[in-house]
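[1] my questions concern the predicted model and sequence given below.
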Protein chains: 6
Amino acid sequence: MDDQADATNSSNAAVAEDTDRLLRGQARLAEITGRSGQEVMAALGDVAPDFARYIFEFGYGDIYSRPGLDLRARMLATVAGLVCLGHAARELRVHIGSALNVGATREEVVEVIMQMALYAGFPAALDALMIAKEVFADRGLAAKAD
Amino acid sequence: MDDQADATNSSNAAVAEDTDRLLRGQARLAEITGRSGQEVMAALGDVAPDFARYIFEFGYGDIYSRPGLDLRARMLATVAGLVCLGHAARELRVHIGSALNVGATREEVVEVIMQMALYAGFPAALDALMIAKEVFADRGLAAKAD
Amino acid sequence: MDDQADATNSSNAAVAEDTDRLLRGQARLAEITGRSGQEVMAALGDVAPDFARYIFEFGYGDIYSRPGLDLRARMLATVAGLVCLGHAARELRVHIGSALNVGATREEVVEVIMQMALYAGFPAALDALMIAKEVFADRGLAAKAD
Amino acid sequence: MDDQADATNSSNAAVAEDTDRLLRGQARLAEITGRSGQEVMAALGDVAPDFARYIFEFGYGDIYSRPGLDLRARMLATVAGLVCLGHAARELRVHIGSALNVGATREEVVEVIMQMALYAGFPAALDALMIAKEVFADRGLAAKAD
Amino acid sequence: MDDQADATNSSNAAVAEDTDRLLRGQARLAEITGRSGQEVMAALGDVAPDFARYIFEFGYGDIYSRPGLDLRARMLATVAGLVCLGHAARELRVHIGSALNVGATREEVVEVIMQMALYAGFPAALDALMIAKEVFADRGLAAKAD
Amino acid sequence: MDDQADATNSSNAAVAEDTDRLLRGQARLAEITGRSGQEVMAALGDVAPDFARYIFEFGYGDIYSRPGLDLRARMLATVAGLVCLGHAARELRVHIGSALNVGATREEVVEVIMQMALYAGFPAALDALMIAKEVFADRGLAAKAD
């Protein structure tokens, strides 16, 4: 192959891989959160479209596409992490939903949040339970009878 | 039963339940962290013995004795939460060990920590990986060949 | 006493002690925050009733029932801690009220919040002052004339 | 000069310097944030007037009156810091505006916020971008065409 | 007085007030922390002498010189706040000492730290207790017999 | 082109783009931090080699390779952000160095850190100044004479 063809291929390659990670990430985003790439882009597109792209490519195309840990454990870990950040109400709402989407039960989500009271304190856990309560209500998930 | 007997029983009851939660908690602590209650008491006993008691009773006797979520998912969630706190190096070292103790693999621990870079940033995840590296080395756990 | 009686007593004891800490905690909660256990249970009861129980038993039955520090200093310390967390608006509102309930003055609450600007920065202190302003207004507490 | 005159001068001096830092700070506040000292005092005056004074004197009269770094770099650094705090939505809104006021472009503000995803995680950066979007819209700032 | 004298006086006034706040702050620093201004200046003098000055003037000359709250309650509040920050080990060591210096007991310091487990989680409280243990040991303070 | 050639090209493309971002990131890392990719890989290679790759590809190949903001302002913003995180001592040391590497002065770094006392509090700023002092000393940077 001559040099010109090389350069063309390399440029094509970059576009192809960008497209690969982007599409893989958008598919994974939809699978986990139930939200389409368009929704994320609608929120970010006129202020920071590249940030939406990083969420797709790095967040979901790289990290959440990794093997080595099942999605249910991944999303319960994410819920735990977000409770401990303390300030991540928006993300917590999304990913309590994600945990349910990938097979965690309502009870398991509540267990993880309550457990974080040990590490992040009661206020962070209490705020998270209030968010969980709303997510459960939106989905019509009743508490199991004790 | 007369009143005096009632009072005696009630007092005995309080002692009995205290003992129940305490012993259950110490057993759970040992199962999860591999540390005995004596070790924790040795660290805290001359400054805040009641704090050691709360760790046993509330931390392990109440929270970590709950059904509803398997221990492996619990400890991976704890690792995630501690990474996001940012400042919990001491606890992170203990509970990376706990996660391994209850059946999580080295690879799963690393996955959870790397995933938290999305939520807590790269420095918190990087610090946690350095701690994980030391815990793995202490246990002679080699990385799996790629 | 024979073994069967022992087992019965031990089971009764556990119930008795649970009831002791629970009732003591609910009474302490009401004394400090002015909120009844029912209110807390109303918020949490259909999502995490056990979390309400831990608030009663551990939060108020254990910690806030300890001797060794007067309630006024305890609640001013809690206000200070919540300002430094940064994210605990809900709890801050409750416990600015608690501090007033147990004898701290409006002026003392403001002093503690302003002092935290040194440690948590001005934005956290400013947000807390805005919450304090609302709590004072709800109670019809006027600033003292300078 | 006799002793009495000395004492009078010293007292006058204190008042004069207070006035100097206060006025310098209020002027700097207006230059940077576009808000007058009266606005800040209106918010704080009936709860903590001295806190408003510290904002003027220490925040703007001391810190933001320092030479050694241009205001554009100062305000971009402040935006970065506030993103990393995670909880400072109110201040972030003010100081994204401040950054624009002192000559930073919309694009530069977005760059700084996106960069903080590396250090504070995606949720903190995403929340900040949503605030930036509102500030830009309030000012009628369109994104530059790509 | 003519204009030139006015200007001279105003300049003198600024120097005088700076000196007032500085000296008042250094005296208050010594009273509370037991550290002299020279020690702080020795640490900061070759990197940021103005920061030492702000600690004296604003931290101790303004904030810690305010009436309206007794020093014992102030320092217990500071200990609480520093526990909740999570990352302030250096300051926590200094101000656990300060709390003892201004009349708080060893027991009260421990109570405040344990209470913060409710708000900042067990790891932050545990780290603080380990620091308190060292401060108590340095001062030869034995735990009171139970 | 037939299907088989397509598949081969697509696979080659992915490898090519991975290589592009990786090499661009490693070059940018070296330019900014003065550290080679090998050093980072030496620290992470046996625990989480993919994390090193993400640092190269996403951190430096994507974020720090963006136009729209000069490197000096970028690194001063990073220093500000790291001060506000509170727990990022390791990264702060690296990026105080980075700021100097890309043209910021010692004085500018100190200004940014002192300014963050307003937002993150004095302890976080003080810890950062102590780190800056060490970095300056390692480089033989003397304070400018006042």
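    Good, I have the coordinates. Numbers count the residues shown, from 1 in each chain, chains lettered A, B, ... in the order given.
[2] in the helix or strand encompassing residue A:114, what counts as buried?
    Element membership for residue A:114, per DSSP states H and E: helix A:106-120. For helix A:106-120, a neighbour-count test (16 or more other Cβ atoms under 10 Å in any protein chain shown) marks A:106, A:108-120 as buried. C-beta: built from backbone N, CA, C; applies to glycine.
[3] and that helix, what does it pack onto?
    helix A:71-85, helix A:89-101, helix A:122-138, helix B:71-85, helix C:49-54, helix E:122-138 (3 or more Cβ pairs under 8 Å, 6 or more residues apart in numbering or on different chains; DSSP states H and E).
[4] specify the angle between it and helix A:71-85 in degrees.
    Here the directions of helix A:106-120 and helix A:71-85 differ by 40 degrees (axes from the mean of the first three to the mean of the last three Cα atoms, to 10 degrees).
[5] dump the helices and strands packed on helix A:106-120 to TSV, plus distance to residue C:20.
    Shown next, in TSV, are the helices and strands packed on helix A:106-120 (distance: least, Cβ to Cβ, whole Å):
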stretch	distance to residue C:20
helix A:71-85	30
helix A:89-101	35
helix A:122-138	21
helix B:71-85	29
helix C:49-54	13
helix E:122-138	24
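[6] out of the ones you listed, the one nearest chain D is which?
    The closest of the helices and strands packed on helix A:106-120 to chain D is helix A:89-101. By Cβ to the nearest Cβ, the value is 4.1 Å.
[7] neighbours around the closest residue to residue A:80 other than its chain neighbours, how many?
    Excluding the flanking residues, the one nearest residue A:80 by Cβ to Cβ, 6 or more residues apart in numbering or on different chains is residue B:77, at 3.8 Å. Neighbours of residue B:77 under the rule other Cβ atoms under 10 Å in any protein chain shown: 30.
[8] do I have it right that residue B:77 meets residue A:83?
    No - Residue B:77 lies out of contact with residue A:83 (Cβ atoms under 8 Å); the separation is 9.2 Å.
[9] now list whatever residues contact both of these two.
    Counting by Cβ atoms under 8 Å, 6 or more residues apart in numbering or on different chains, the contacts common to residue B:77 and residue A:83 are A:112, A:116.
[10] helix or strand: which one has the residue nearest to residue A:130 when sequence neighbours are not counted?
    The shortest distance from residue A:130 to any non-neighbouring residue, by Cβ to Cβ, 6+ apart, is to residue C:43 (7.4 Å). Assigned by DSSP H and E, residue C:43 falls within helix C:37-44.
[11] got the contact list for that helix?
    Here helix C:37-44 has contacts from A:126, A:129-130, C:25-26, C:29-30, C:49, C:51-52, C:55-56, using Cβ under 8 Å, 6+ apart.
[12] average model confidence for it?
    The average pLDDT within helix C:37-44 is 92.
[13] by how many degrees do it and helix A:122-138 diverge?
    Using the same axes, to 10 degrees: helix C:37-44 against helix A:122-138 is 50 degrees.
[14] send the alpha carbons of helix C:37-44 over as CSV?
    Extracted C-alpha coordinates of helix C:37-44, given in CSV (Å, rounded to 0.1, in the frame of the first residue of the first chain):
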residue,chain,number,x,y,z
GLY,C,37,-41.2,8.8,65.9
GLN,C,38,-44.4,8.6,63.9
GLU,C,39,-43.3,11.4,61.6
VAL,C,40,-40.0,9.8,60.9
MET,C,41,-41.7,6.5,60.4
ALA,C,42,-44.2,8.1,58.0
ALA,C,43,-41.4,9.3,55.8
LEU,C,44,-39.4,6.0,55.8
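[15] mind listing what's buried along that helix?
    Residues of helix C:37-44 classed as buried by neighbour count (16+ other Cβ under 10 Å): C:37, C:40-41, C:43-44.
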